[in-house]
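1. Return a 3D structure for these sequence lines:
(chains A and B, ligands or ions: 1)
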Amino acid sequence: MEALLHRHFGYEAFRPGQREIIESILNGTDTLAILPTGGGKSVCYQFPSYVKGEGLTLILSPLLSLIEDQVMQIKRRGERSVAKLTSVETREEKEQILSVLEHLRYLYLSPEQLALPQIRARLKQVNIALFVVDEAHCISQWGHEFRPEYARLGQLRRELGFPQCLALTATATQAVERDIRTQLQMREPQVIRRSVNRPEIQYIVDRVGREEKDAALERWMTRIVRPCVIYTTTRKEAERIAGIIEGATYYHAGLTMEDRQLVQQQFLHDEMDCLVCTSAFGMGVDKGNVRTVIHHTMPATLEAYMQEIGRAGRDGKEATAILLYAPQDEQLQSFLIETQYAPVLWIDQLQQGMRRGESYAKIETRLHFNPEDPAYRLLKSQLENGWSKERIIQWQVERKQLKGREVSQMMDYIHRNECRRTMLLHHFDEPAVVQPRCCDICGTIEWQDPVKSKMLQTVNWKKRLEQVFFSSPDSV
Amino acid sequence: MEISLLERIFLESIQRLRDERSDRSLYHVFQGKKSATSLQDAHFYDLESTFGTVLVSKQRFESVLTELAQKKWIERQETLRLTSEGARLVRQTDEVIIDQLGGELRGYTEMMWKRLSLLVQTVICLEAKQPFIPVQQETIVREWVKSVLPTISNRAVWLAQMYQEWVLLLERLSERDATLISHRLSGVQTGWSYPQLARMMKVDVETVQFEFIIAWRRCINDLSNTPLIQQIGADLHTPKMTQSAQTTWELLQQGLTVEDVAVRRRLKNSTMEDHLVEIAMYASTFPLDHFVVAAQQEEIRHIAQQLKTFALKRIKSAMQSDVSYFQIRLVLARSKWEGS
Ligand SMILES: [Zn+2]
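-> Residues are numbered from 1 along each chain as shown, chains lettered A, B, ... in the order given. Modelled structure (predicted):
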């Protein structure tokens, strides 16, 4: 197996947990794997295909950017038989891909695409070796990122004749784990759970006054080691903060495609070592040497927090996670929760339109609904599934309560005088771990010497052109 | 008052619309909408260069117009027009920005950048044995690079010549333009994002984007001394007509009559007319006399000039003889060719 791993992936050895998962799949068992971010989960579902030799590996993934990253990485390691079906491909491209399914090793698709009849019909004709559900927590209404399109995956899997299933997630409480198993209709699955503990990360929470936050951030910037990632909640904030930190660059989904590639490449390459971003960055970006992750504003849930700080120290070396908090930060999260759900008025308007026999498209134009608005899309899928107004409202109330509880768990983490690591582990139903270099509450914070920061340098165009054409990789 | 590059682009464009077209028309020209009306607007009002090059979101388009109206530089009614202050601002400099955007090349400029930037990055990184994230993600661009790579037999030689050609191109530009372009380019060292370029140039992101478009257009204006780079765009033929008009044009060139084509392609009369207007706008020869007698052509041209208008209604009502809108459109479409 190691020889195969080296040949196809270039790694010398499996990472902890990988072998166990792969063996479980090779045994033909449905498998639920809970691997912390950075645990190398893509190898777990890409590897078995080389042992089995035949059959298509189908990978369901929630985010376009994630799918694109993965396909790119697979191609980069020299594997050509990979394709994706997302909202980006044209109809011709889709038809072309569907016509060569037998020759593909991996097919990535979004759940929306799998739900399309013509795609499903075609998939029924091919041998599906493995049905992979990435970010499987999205299937659970208890999960922090519930996606309605995911809720139909169990049924779709049944239609495909119950191919062997591998569900992957970075974080899952017991409740979410149960939900994934039942929803995907997994049969006696083997559950492989790696500890969410990240011994290489030390945790700090800094509570400051509302007006002092930027100053606090700048203070931390003088102590921490780069490369570092600073997370913000909004694009505007990302832009603003990148403006006050020396050598920083921002990244968010509002950038052009070309700009996004450039910034990712600069960061991966260590040409620039401070990235300010929204949560749009990170999924799928595999940079080992991120030494510090700072949250300028708290995320909505501890799960999201764990995922985002999980981008620090993937190389196993010392890293630091800092969370800044100012009073009322939680209000932004509460506000964002509200905007995730459609107002009652929309339900009435949509139902009225449908009673008149109007199509969704028509109603959307007439009432100026944005078809891309997640709140609207969610509502639409509920109505399509025949939910009544009362049921939707009831559901929204429950969801908001759940989200509210998640925000208070986050607040708890910020305010309680208890070891941060212990709190995080307890949240995921794991026992506490005592270790050196733990957290600010334990008082065991250790600092390394900051390295000189790397900044992009403006030079005259002649020099720049020379650098572009003739500098060697090590001189960068 | 300070005027931004984008505002300038708007003001110059609105001036050319001569108070005859709406904000929707302008938006569609900026977006490069391939419809008979938008193509005709771009052509008549001399906005070919903006066609498909001012790609701002609908919201941004609206907000710019609102701001311009608030500053009292334009008036927004059924049609858009400059105020006297707006007109004064446009006159302030001799340089016309919108003519430098490259829209008349229909995507050639943009595609040249995409191909060249990805090809240069790919060859440099392959030569340096350095993994990289392709700077262009579009399939057609990546496929193109893939098809060209095998033709480069000696990468080091190719790179040396490519570098020389870049020097030649950038030498002709202003320091600022050359700096922008050279910093956007990727090799082993990665190019800069627009926000990073904006910070370097001390302007906002939107401005730097348009500065870059204009600089790049200037850069590849004349490629006769840079054969390697010229070759990269050699196969980029970009028809100005809509696909459908193109087909009609090809059939007509094969000797079919207008009626034949209409029957064979099952075109409605109005569609056929749209196609003919498109052909009149872009084809180097066109049998105008076949559709409008010479005297009427002369009259239409004369009135359009006298009234300084492309508004069909105004021209029609000023005519002595009876002509159709279609005939007026044809003559106006042709006037760029016949006039010169
Ligand atoms: Zn601790």
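2. For A:Leu107, give the beta-bridge partners.
-> A:Leu58, A:Ala83 (DSSP bridges).
3. so, in contact with chain B or not, stretch A:227-244?
-> Yes. Stretch A:227-244 lies within reach of chain B by Cβ under 8 Å from any Cβ of the partner chain, at A:239, A:242-243. C-beta coordinates here come from the backbone N, C-alpha and C atoms, glycine included.
4. Among the residues you listed, which ones are in helices?
-> A:239, A:242-243 (DSSP state H).
5. Which of these are buried? Put it as a ChimeraX command.
-> Remark: buried members of these, expressed as a ChimeraX selection using 16 or more other Cβ atoms under 10 Å in any protein chain shown:
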select /A:239,242
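6. would JSON lines of the ones in helices among the residues of stretch A:227-244 next to chain B with distance to B:Tyr282 be doable?
-> Below are those laid out as JSON lines (distance: Cβ to Cβ, whole Å):
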{"residue": "A:Glu239", "distance to B:Tyr282": "42"}
{"residue": "A:Ala242", "distance to B:Tyr282": "45"}
{"residue": "A:Gly243", "distance to B:Tyr282": "46"}
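7. now, which of the residues of stretch A:227-244 next to chain B sits nearest B:Ser49?
-> A:Glu239 (30.9 Å; Cβ to Cβ).
8. Give me the nearest residue to that closest one, chain neighbours excluded.
-> A:Tyr250 (5.3 Å; Cβ to Cβ, 6 or more residues apart in numbering or on different chains).
9. Who is the one you found paired with across the strands?
-> Beta bridges link A:Tyr250 to A:Val276 when assigned by DSSP bridges.
10. Against chain B, how distant is the residue nearest to A:Ala432 when sequence neighbours are not counted?
-> Once flanking residues are discounted, A:Ala432 sits nearest to A:Thr422: 4.1 Å by Cβ to Cβ, 6+ apart. Separation of A:Thr422 from chain B (Cβ to the nearest Cβ, to the nearest Å): 39 Å.
11. element containing A:Thr422?
-> Here A:Thr422 sits within helix A:420-427, counting by DSSP states H and E.
12. What is the helix or strand just after that helix packed up against?
-> Later in the chain than helix A:420-427, the nearest helix or strand by DSSP H and E is helix A:461-470. Packing partners of helix A:461-470 (3 or more Cβ pairs under 8 Å, 6 or more residues apart in numbering or on different chains; DSSP states H and E): helix B:108-127, helix B:155-171, helix B:175-184.
13. Make CSV out of those helices and add distance to chain A, mean neighbour count and mean pLDDT.
-> Output for the helices and strands packed on helix A:461-470, formatted as CSV (distance: least, Cβ to the nearest Cβ, whole Å; neighbours: other Cβ atoms under 10 Å in any protein chain shown; pLDDT from 0 to 100):
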stretch, distance to chain A, mean neighbour count, mean pLDDT
helix B:108-127, 6, 21, 96
helix B:155-171, 5, 16, 97
helix B:175-184, 4, 21, 97
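14. would you list those helices in a markdown table and tack on distance to the ion?
-> Below are the helices and strands packed on helix A:461-470 laid out as a markdown table (distance: least, Cβ to the ion, whole Å):
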| stretch | distance to the ion |
| --- | --- |
| helix B:108-127 | 44 |
| helix B:155-171 | 53 |
| helix B:175-184 | 45 |
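15. Read off the pLDDT value for the residue in the stretch 251-400 of chain A positioned nearest to the ion.
-> The nearest approach of the stretch 251-400 of chain A to the ion comes at A:Ala321, 12.0 Å away (Cβ to the ion). Looking at A:Ala321, its pLDDT stands at 98.
16. Over to A:Ser87?
-> Listed pLDDT for A:Ser87 reads 82.
17. same question, B:Asp46
-> pLDDT, B:Asp46: 93.
18. Next, it: secondary structure please.
-> coil (DSSP: H, G, I helix; E, B strand; the rest coil).
19. ok, and the closest non-adjacent residue to it?
-> Of all residues not flanking B:Asp46 in the chain, B:Arg16 sits nearest, at 5.3 Å (Cβ to Cβ, 6+ apart).
20. hey, what's the residue of the stretch 251-400 of chain A closest to the ion bridged with?
-> Going by DSSP bridges, A:Ala321 forms beta bridges with A:Tyr203, A:Val293.
21. So what's the residue count around it?
-> 25 (other Cβ atoms under 10 Å in any protein chain shown).
22. ok now do it, which residues does it touch?
-> A:201-204, A:292-295, A:309, A:312 (Cβ atoms under 8 Å, 6 or more residues apart in numbering or on different chains).
23. is it possible to export these to CSV including neighbour count and distance to B:Asp235?
-> Formatted as CSV, the contacts of A:Ala321 follow (neighbours: other Cβ atoms under 10 Å in any protein chain shown; distance: Cβ to Cβ, whole Å):
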residue, neighbour count, distance to B:Asp235
A:Ile201, 22, 53
A:Gln202, 26, 57
A:Tyr203, 23, 57
A:Ile204, 18, 57
A:Thr292, 25, 49
A:Val293, 24, 47
A:Ile294, 26, 49
A:His295, 23, 50
A:Ile309, 27, 49
A:Ala312, 29, 47
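24. Just flag the most distant two among these.
-> With Cβ to Cβ as the measure, no two of these lie farther apart than A:Gln202 and A:His295, at 14.6 Å.
25. any idea how far A:Ile337 is from the nearest residue to A:Ala253 once chain neighbours are set aside?
-> Once flanking residues are discounted, A:Ala253 sits nearest to A:Ala280: 4.2 Å by Cβ to Cβ, 6+ apart. Shown here: A:Ala280 relative to A:Ile337, a distance of 19 Å by Cβ to Cβ, to the nearest Å.
26. Leaving out the residues flanking it, which one is nearest to the residue in the stretch 201-340 of chain B positioned nearest to chain A?
-> Nearest residue of the stretch 201-340 of chain B to chain A, counting by Cβ to the nearest Cβ: B:Gln209, 8.3 Å away. Among residues not flanking B:Gln209 along the chain, B:Tyr194 sits closest, at 5.4 Å (Cβ to Cβ, 6+ apart).
27. Over to A:Leu60?
-> Leaving aside its sequence neighbours, A:Leu60 is closest to A:Val133 (5.0 Å, by Cβ to Cβ, 6+ apart).
28. ok, residues contacting stretch B:146-163?
-> Contacts for stretch B:146-163 (Cβ under 8 Å, 6+ apart): A:465-466, A:469-470, B:119-120, B:122-124, B:126-127, B:228-229, B:232.
29. Residue 272 - how many residues pack around it?
-> Using chain A. 25.
30. my question was about chain B
-> 18.
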